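>>> Next come a sequence and a model predicted from it.
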Amino acid sequence: MIFISCNQKSEEKNQYSAPEWAEGVVWYQIFPERFRDGDSANQPNRERARGPEGWEPTKWGQDWYKRDNWEVNHTDDFYAIVRERRYGGDLQGVIDKLDYLKELGVGAIYFNPIFDAQSMHKYDATYYHHIDRNFGPDPEGDVDQFANEDPGDPSTWKWTAGDKLFLKLIEEAHSRDMKVVIDGVFNHTGTEFWAFQDLVKNQEKSAYKDWYLVTSFDDPATEENEFDYEGWWGFKGLPVFHEENENLIDPIKKHIFDVTRRWMDPNGDGDPSDGVDGWRLDVAEEVGKNFWKDWHSLVREINPEAITVAEIWTDKAKEFINAEMFTTVMNYRFAYAAKDYFIDQRISLVEFENRLTQIKKDYPEESQDVLQNLMDSHDTARLASIIVSPGREYDRDGHPRDGFDVRKPIEKERKIQKLVALFQFTWKGAPMIYYGTESGMWGADDPDDRKPMVWDDIDYESESHHPFGEKRESDSNNFDEDLFGFYQDLAQMRNKNKALQKGTAEFVRLDERNKVVIFTREYEGEKIYVVLNRSESFQNISIEECEGKELLSGRTFGSTVCPVSFEIPALSGGVFKVNN
């Protein structure tokens, strides 16, 4: 018999670990309303979209800056009305395109919020325990079911048509060996959230009066409505939950725990294989650490192989990535470093190396292979457009009103995009593609980064309009087969080579004058050299090896004289796997 001491148990509990499936996996981020319309019968209506008179869904292939009559009649300001657009993306559309993602090389999907909410972005939840009514096949039936439940009592919760379709999506994704991670927004809700609506109706008599940060209740003796509360960053459309001692108060926490169980183990049989594989947590640093510790204990109890991803943009993330809290982080620090060197050329290679080294130092060693290395997202300008308008702060001044250029990238800019992607897919961590980056999409910051996905079976109008009526060239907007093929090659290359998924990453040459970067990836005897040429001319490089294979082209190399020399084209790179 083996006895485990209390100290041993404590050490095991405090030992950071990450699920093996997430090591070096290729992520794909989906913004559901804009990914694919797979069901024409579940379109949002004017009431749900809160659109003006004449509102109707927007045509998928329409020029983004071209405005429908209902928009023109409502306002002259493109940005004052564009968020009321709906394109009809839904879960059936995602299911229909799972084979596309598999062909691309994706191993894990991250969904922006899919829970029922009024907006197109869904960060303003109405319910956490139901899928959005317009993402499923029966919006009206789902709404009827909402009304027949007590949202505060999980024993009354049933599965709507939308819920069931999401469970089917999970099953279909898992059958293709893809994981599913969903967005948890536990800092705030929308004003239509069921508990907030009860508070609005019943004020101080509401059973949920303590759920939010109410600053004043309405006095029924006066004509004025004095009801007021704290909104997220001052925005009243997103009321903030009540915390005490860095923890959500017990009734809120209980509800979120019930929701967590529902989506991680839908049939409640103790086997989480039919549930989601993890969570991405919105504004994680704005929720108390004690809550996250309690919540993570539950998550790991349900599924020890689940992943949790914190949305934290700065080095403050190092306070949240540990055994008691998050598995990993959306690695925006990676994006900052890559942008500043490869795109803006405003930091030296030494500074570039220092930033990447600091990331290594700040997080647990075991987390390095699961850091979610992204270049763009729903909260930034798209990668292609960041390259078109260089020299700006990442996620700053990324709007056309700031002079951000709305045009399509030219050939040289696409080469830079490929170079950045090559680094993203070969450096240590897990690369994430924002939907459409691989198919050629471009766009300024929110909302222009949320255009409908470009598919090869849809005809798209050329982009010839400008949000402020300025003149511009007409840009063809269609699926970019060449770019897709490049991302596909990168993803499949990573999936076939363990050294790119979980190997060490060490710089072996930083040539400031010629703008050449060389680093190695090594794992269990497998060794790969990655060469990146940021200069605008050919560069001759050499590696201290005699024979091997260039992984992207498939060409072998060999020589009786070592080292072997290569000519790397301008704004390009190579990935060289050497023979043992």
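Now that the structure is in, tell me what you want to look at.

>>> Report the helix or strand with the lowest average pLDDT across this structure.
helix 6-13 (a mean of 41; mean pLDDT, DSSP states H and E).

>>> That one: what's the following helix or strand?
Downstream of helix 6-13, the first helix or strand assigned by DSSP states H and E is strand 27-30.

>>> For the helix or strand following that following strand, what is the distance to the chain centroid?
Using DSSP H and E, the helix or strand that follows strand 27-30 in sequence is helix 46-49. Chain-centre distance of helix 46-49: 26 Å, with CA atoms, centre = their mean, to the nearest Å.

>>> would you put the C-alpha positions of helix 46-49 in CSV?
Listed next in CSV are the C-alpha coordinates belonging to helix 46-49 (Å, rounded to 0.1, in the frame of the first residue of the first chain):
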residue,chain,number,x,y,z
ARG,A,46,-36.0,43.9,-37.0
GLU,A,47,-37.3,43.8,-33.5
ARG,A,48,-34.4,41.6,-32.3
ALA,A,49,-31.8,43.7,-34.2
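
>>> Buried residues of that helix, list them for me.
Buried residues in helix 46-49, counted by 16 or more other CB atoms under 10 Å: Arg46, Arg48, Ala49. (Glycine included, C-beta is placed from N, CA and C.)

>>> Stretch 385-392 too?
For stretch 385-392, by 16+ other CB under 10 Å, it's Ser385, Ile386, Ile387, Val388, Ser389, Arg392.

>>> Over to stretch 531-550?
By neighbour count on 16+ other CB under 10 Å, the buried set for stretch 531-550 is Val531, Leu532, Asn533, Arg534, Gln539, Ile541, Ile543, Glu545, Gly548, Lys549, Glu550.

>>> Can you list which of those residues are found in strands?
Members of these lying in strands (criterion: DSSP state E): Val531, Leu532, Asn533, Gln539, Ile541, Ile543, Gly548, Lys549, Glu550.

>>> Asp210: how many residues sit nearby?
15 (other CB atoms under 10 Å).

>>> Could you do Phe352 as well?
Using other CB under 10 Å, Phe352 is surrounded by 18 other residues.

>>> related to what we said a few turns ago, closest to Ile410 among the buried residues of helix 46-49?
The nearest member of the buried residues of helix 46-49 to Ile410, counting by CB to CB, is Ala49 at 36.0 Å.

>>> picking up where we left off before, closest to Val564 among the buried residues of stretch 385-392?
Ile387 (31.7 Å).

>>> helix, strand or coil for the spatially most distant residue from the centre of the chain?
Relative to the centre of the chain, the most outlying C-alpha is that of Ala221, 48.0 Å out, by CA atoms, centre = their mean. Following DSSP: H, G, I helix; E, B strand; the rest coil, we place Ala221 in the coil state.

>>> per-residue pLDDT, it?
For Ala221, the model assigns a pLDDT of 93.

>>> cool, Tyr100 as well?
Looking at Tyr100, its pLDDT is 98.

>>> and it, that one's in a helix?
Yes - according to three-state DSSP, the state of Tyr100 is that of a helix.

>>> Make residue 1 into 360 and carry on from there
New numbering, starting at 360: the last item is Tyr459.

>>> Can you report how many residues lie near it?
By other CB under 10 Å, the residues close to Tyr459 number 17.

>>> if I look at it, how far off is Glu605?
Distance of Tyr459 to Glu605, given as CB to CB, to the nearest Å: 42 Å.

>>> Met791 now?
For Met791, the distance to Glu605 (CB to CB) stands at 29 Å.

>>> do the same with Trp814
According to CB to CB, Trp814 stands 45 Å off from Glu605.

>>> who's more crowded, the two?
Using other CB under 10 Å as the criterion, Trp814 and Glu605 rank with Trp814 on top: 19 against 12.

>>> Can you name the residues that contact that one?
By CB atoms under 8 Å, 6 or more residues apart in numbering, the residues touching Trp814 are Arg395, Ser798, Phe838.

>>> can you check His433 too?
So His433 contacts Pro411, Glu412, Ala439, Ile440 (CB under 8 Å, 6+ apart).

>>> List buried members of those by neighbour count.
In those, burial by neighbour count holds for Ile440, counting by 16+ other CB under 10 Å.

>>> got CSV for the contacts of His433, with distance to Phe525 too?
Supplementary listing: these in CSV, determined by distance: CB to CB, whole Å:
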residue, distance to Phe525
Pro411, 31
Glu412, 33
Ala439, 33
Ile440, 30
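
>>> Please identify which of the contacts of His433 is nearest to Glu871.
Of all the contacts of His433, Glu871 sits closest to Ala439, with 46.9 Å by CB to CB.

>>> Tell me, what's the model's pLDDT at that closest one?
As predicted, Ala439 sits at a pLDDT of 96.

>>> Repeat that for Pro922.
81.

>>> try the one 4 residues further on
The predicted local distance difference test score for Glu926 is 92.

>>> can you confirm it is in a strand?
Yes - assignment of Glu926 by three-state DSSP places it within a strand.

>>> Run through the residues that contact it.
Contact analysis of Glu926 by CB under 8 Å, 6+ apart lists Phe897, Gln898, Asn899.

>>> run the last query once more with 10 Å
Neighbour list for Glu926: Asn892, Phe897, Gln898, Asn899, Ile900, Gly933 [criterion: CB atoms under 10 Å, 6 or more residues apart in numbering].

>>> rewinding a little: highest neighbour count among the contacts of Trp814?
Arg395 leads the contacts of Trp814 on contacts (other CB under 10 Å) with 25 neighbours.

>>> so what's it up against?
If a contact means CB under 10 Å, 6+ apart, then Arg395 has 389, 419, 446-456, 459, 794, 811-812, 814, 817 as its contacts.

>>> Tell me how far it lies from Gly448.
In terms of CB to CB, Arg395 sits 6 Å off from Gly448.

>>> so what sits against both of the two?
Taking CB under 10 Å, 6+ apart as the contact rule, Arg395 and Gly448 both touch Ile389, Trp419, Tyr794, Pro811, Met812.

>>> how many other residues sit next to the closest residue to Gly627 other than its chain neighbours?
Nearest non-adjacent residue to Gly627, counting by CB to CB, 6 or more residues apart in numbering: Arg620, 7.3 Å away. By other CB under 10 Å, 18 other residues sit near Arg620.

>>> just Asp536 next, same as before
Neighbours of Asp536 (other CB under 10 Å): 10.

>>> Would you enumerate the residues in contact with it?
Contacts for Asp536 (CB under 10 Å, 6+ apart) come out as Trp380, Lys461, Gly466, Ala467.

>>> Show me just the buried residues among those residues.
The neighbour count (16+ other CB under 10 Å) marks Trp380, Gly466, Ala467 as buried among the contacts of Asp536.

>>> Using CSV, please lay out those together with distance to Ala697 and pLDDT.
Formatted as CSV, those follow (distance: CB to CB, whole Å; pLDDT from 0 to 100):
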residue, distance to Ala697, pLDDT
Trp380, 25, 98
Gly466, 21, 98
Ala467, 21, 98
